[in-house]
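*Asks:* Sequence and predicted structure are below.
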Amino acid sequence: GIAKVWLDGKVRATLSDTTAQIGAPEVWSGGNTGEGVRVAVLDTGIDAGHPDLADRVAATESFVPDQDVTDRNGHGTHVASTVAGTGAASGGTEKGVAPGASLHIGKVLDNSGSGLDSWVLAGMEWAVRDQHAKIVSMSLGDSPTDGTDPLSEAVNRLSAETGALFVVAAGNSGPEAYTVGTPAAADAALTVGAVNGPGKGVDQLADFSSRGPRVGDNAIKPDLTAPGVGVLAARSQYAPEGEGAYQSLSGTSMATPHVAGAAALLAAEHPDWTGQRLKEALVGTTAGTQRFSPFDAGSGRVDVAAAVRSTLLASGDAFAQTHYPYTPGQTVRRDVTYTNSGPAPVTLDLALSPAELPEGLFTLSDARVTVPAHGTASVGVITHLDAAEDNGAYATRLVATGADGAVLARTPVGVNKEGRRATLALTAKDRHDKPLSGTVILKDVERNTAPKIYSVGASGRLDLRLSPSTYSVWMNSAVPGVDGTHTLGFAMFTAPEVDLDGDRTVAFNTDDLRKAAALTPRATANQFLRIDQYRGNTGLFPFMDSYVAEYWRYDSLWVTPTPEVRTGSYTFATRWRQIQPPLTFSAGSQIFDDVTVQSLSPQLPEGTRAYRAAWAGDGSAAEFRGVEVRNRVAVVRRSDTVTPTDQAAAAAKAGARQLLILNNGYGRFDPWADLPEAAPLPVASLGTDDSTRLLARFRATGTITLQVASHPTPRYAYDLVRRHDGAVPRDPSYRPAADELARVDDTFRDTSQGRAVEYRQDVSLLGRPLGIVPTQVRAQGELTSWVTADDDVQWVSFASRSDLGQRGVARSYRPRSSTRETWFAPIQHPRLLSDNGTSVQGPFRAGDHISTSVMTAWGDSGGHAGVVWADSDTSRISLYQGGELLGEDVNERIVVAGDLSPDPKPYRLVLEGSRNLPDRPYSTRSRTVWDFTSATTDPSRLTPLPLVQLDYAVDADLSGRAHRRTDLTVKASHLEGAAGAGAIHAATVELSYDDGATWHRTALRKSADGWTARLDAPRKARYASLRTTARDTEGNGVSQTLIRAFGLR
């Protein structure tokens, strides 16, 4: 899984206000600052040099490969200072909740704020076992679960084994129910939602705060809330946004460290308490938020002052999980135990609040109890199941008040009444009739509820108690040996329609699998493999599930044919990208083409060459010392004792041209897929069956000459999609003939040589472009792609270099059609682009709102928009109505204006951009002014604005330079469907050869392609700059200035 920070939008408040809101200053006044308590913060790292944290960090460790603990995101520093910052940068004002606690920082999220489950799990173990942290703060999470996922189970296990308390953010997926993510879903976690800070509407539950109940069993989550809106805390000096020592952020990520700090203060007060007892004390002493259900806000907002001074402790919660079947009049009792550590008895009046529940659902065994000094007393919460609906979940709070009417404890109370159930048994077996493990997706089609994920373990069996309904169930698994002795396939077992009206078994068996291969007219190698499934009920939006099979691990796709579904819709789809084989070996008539070029590996030059092959055994340094491999292909066996990196290092030191590793396992072998650095020489592996044949040839002849065909950048590729409605067919393979496909010839004309990447996304049936692995191409080269041609299959093309990315719009192709696209070509300029929101939305109006959307400043005239990746790109966009500035933005190129006059009014949009890149000498600055008239439009549609788009054509060489006496063509147009657009009828062009110091208007010739100007550049001029205007018959116009638009030769 992928964990991520739980961060929402940004507003402004102060940490001094939010710490006061939860009662921390009262605790400090008694001398308790959390000193002696270890708090682990598992996040994006730390700015250990921040004044607020300089003396608080006791230990650090990074679990993110190739990233040190430095916080280059800003999230971790903000969280850590909320826990235990000293406030030094603000004179002590903005200090954390427990400024005396020690911080133990585990970096488990990368600098983008995301991380793998394995990183998080490693950090959790380190925090409680190596660092012996009492409190672990985790402002991170993943999708909602039922609390049985690996992260949640780790929280439960480590809590029980070490006595630590894990304080976890609920998530930012509110206000919908069932949105508490993992690991916040864990039983043992102290799960934190977010309320706003002091001021109007204090303790108002934040809209973004994830709500319960918990997925699967309707348990009460979150447990409590804390301030999480506009929290001011330390800013990492390495953060990409903001300035100064502090920044204000919102999210349950910000609420969580408030509670972690509160737990540290309470632990300092009671150093012998376990994490579970700390949790009970914090949950039981919250400030009431009665207008919010416990399913939304737990027991209330944390009040650490009340927790520290309280001598009354209430046990956990009183939630009852009940299971079908039931008997009439059945009741369930859950006891709440009160522990009094004070010197005098305490009498408690007990009531349920809120009381808006089905009549008679909950009753109490006693309305009043007396808890003796240093003793305990219990009260029973009795649930009358006849009063609850089947599949109903209910929650309230048991409120205990003292003799003076003060609330002394709040305990969440609830019940989940399971309705009628049937057992769905799923079994999976391999071709040897042995159990098969895998991952299962279960979707309730009839109710259209969120899908659930299950794991099938070593037993090959999964038993689920489910409500009677119609389900879709599929399981993915690795299946060895189905396409050859040592192959490894990716299999999708599918049952799209399972009617569960009683106990039922679904059996998956590899004997039922069929190969889903793309059989192309020319030889290819797999570069991308994906399976999509869409399932929907009548009138309901379809659910989509996608699986990408790692091409560096799996050699084939396999699926199980199915009957046609009878209810709703079902579509099965397969996606392939296949490219010219990057590397093949042959010896005489034997061809060895089951080759996996290692990830990040350098490659041999283009072409076919003969190399002597040298056998180097296990590839150890000792083996290489005994064999001559200089300028040869070094062949080694996959070894359990010599790592691939050591083999590559030894081969490079010995002067080998290529390292070939002979695999002896299933599937493909690419250890560099999980390594951060490339090998020092070209490295590839050979499939096990091919390896066996090559090794036999070595043994038979002693020496081998290999013909090595290398294509580091392919000259052709196939982008293929195959969809099947209603069922998985008996033959899921795809055998496209050349005349069924469309041909796309891409030419890359960047001004510098080297590598670029190209990729083509297909658009899902839900209208979203789907991911793809990029293909390396020559930045001054060509690629011919054969593409599935179907009106229902849309494609979005991209090309990118390290400093510049360009993209097209979503489009489909006709069979036997031929399309040419040119990328990176001059003249690069601001380019409007829109495909009505499928992949990009241009400037639009909806009712009385205008959005400029994303205005890309470095597109080309080939129909591509472009963005600069480097920091040297700066831009400013401004929107005016008449002389009034409606909005302005720097670098994001987005302005939104609302409540506009519905009448036709004149508007002006100004975009200014500049870039200073060593490899981009042209189009260094631009200024574009669009004047247009706009009136109200249909508010339910995004209607393009009538902005005039300019495009250019000039005959430039690969270095971006044109002849001094050549033609320049200008074309003007509008985005399709623009409201208020007229016919283009006028244009002007001015030229400058001194970077805009002087301008010369040039004569234009009108043609079908636009207007053409003739260059007559001075002999010493190196660059041509342009100032172009165009207007339409409705008065909409554009003026565009491009400095150093192209070079001259």
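*Replies:* It's in. Numbers count the residues shown, from 1 in each chain.
*Asks:* didn't residue 821 look like it was pressed against residue 744?
*Replies:* Yes - applying CB atoms under 8 Å as the test, residue 821 and residue 744 come out as touching, 6.5 Å apart. Just so you know, the C-beta spots here come from the backbone N, C-alpha and C atoms, and that holds for glycine as well.
*Asks:* And the residue of the chain positioned farthest from its centre, how far from residue 403?
*Replies:* Using CA atoms, centre = their mean, the residue of the chain lying farthest from its centre is residue 344. It sits 55.4 Å away. With distances defined as CB to CB, to the nearest Å, the gap from residue 344 to residue 403 amounts to 11 Å.
*Asks:* The closest residue to the residue farthest from the centre of the chain other than its chain neighbours: what's it in contact with?
*Replies:* Computed as CB to CB, 6 or more residues apart in numbering, the closest residue to residue 344 that is not its neighbour in sequence is residue 373, at 5.4 Å. By CB atoms under 8 Å, 6 or more residues apart in numbering, the contact set of residue 373 is 340, 342, 343, 344, 345.
*Asks:* give me phi/psi at residue 373?
*Replies:* Note on residue 373: backbone dihedrals following degrees, to the nearest 10 are phi -60, psi 130.
*Asks:* Low-confidence stretches in the stretch 451-600 of the chain?
*Replies:* In the predicted model of the stretch 451-600 of the chain, residues 539-541 satisfy pLDDT under 70.
*Asks:* rewinding a little: quick check, the residue farthest from the centre of the chain in a strand?
*Replies:* No - if the criterion is DSSP: H, G, I helix; E, B strand; the rest coil, then residue 344 is coil and not within a strand.
*Asks:* Dihedrals phi and psi, it?
*Replies:* Backbone torsions for residue 344, taken as degrees, to the nearest 10, come to phi -130, psi 150.
*Asks:* mind checking how far it is from residue 957?
*Replies:* Going from residue 344 to residue 957 by CB to CB gives 94 Å.
*Asks:* How about residue 646?
*Replies:* 47 Å.
*Asks:* can you give me the helices for the stretch 201-350 of the chain?
*Replies:* With DSSP state H, counting those that start in this stretch as the criterion, the stretch 201-350 of the chain has helices at 252-269, 275-284, 294-297, 304-309.
*Asks:* winner for burial among the ones you listed?
*Replies:* The highest mean neighbour count among the helices of the stretch 201-350 of the chain belongs to helix 252-269 (a mean of 31), with neighbours defined as mean count of other CB atoms under 10 Å.
*Asks:* how about the CA coordinates for it, as PDB?
*Replies:* Once side chains and other backbone atoms are set aside, the C-alpha atoms of helix 252-269 remain, and they are given as PDB (Å, rounded to 0.1, in the frame of the first residue of the first chain):
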ATOM      1  CA  THR A 252      -6.200  15.700  10.800                       C
ATOM      2  CA  SER A 253      -2.400  15.600  10.400                       C
ATOM      3  CA  MET A 254      -2.400  18.800  12.500                       C
ATOM      4  CA  ALA A 255      -4.900  17.500  15.100                       C
ATOM      5  CA  THR A 256      -3.000  14.300  15.700                       C
ATOM      6  CA  PRO A 257       0.200  15.900  17.300                       C
ATOM      7  CA  HIS A 258      -2.000  17.900  19.700                       C
ATOM      8  CA  VAL A 259      -3.300  14.600  21.000                       C
ATOM      9  CA  ALA A 260       0.200  13.000  20.900                       C
ATOM     10  CA  GLY A 261       1.500  15.900  23.000                       C
ATOM     11  CA  ALA A 262      -1.500  15.600  25.400                       C
ATOM     12  CA  ALA A 263      -0.700  11.900  25.800                       C
ATOM     13  CA  ALA A 264       3.000  12.800  26.600                       C
ATOM     14  CA  LEU A 265       1.800  15.200  29.300                       C
ATOM     15  CA  LEU A 266      -0.500  12.500  30.800                       C
ATOM     16  CA  ALA A 267       2.300   9.900  30.600                       C
ATOM     17  CA  ALA A 268       4.600  12.300  32.500                       C
ATOM     18  CA  GLU A 269       1.900  12.600  35.200                       C
END
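*Asks:* residue ranges for the strands of the stretch 701-850 of the chain, please.
*Replies:* Assignment of strands within the stretch 701-850 of the chain using DSSP state E, counting those that start in this stretch yields the ranges 704-710, 716-725, 741-748, 755-762, 775-778, 782-788, 795-800, 804-807, 818-823, 829-831, 844-846, 849-851.
*Asks:* Thanks a lot, catch you later.
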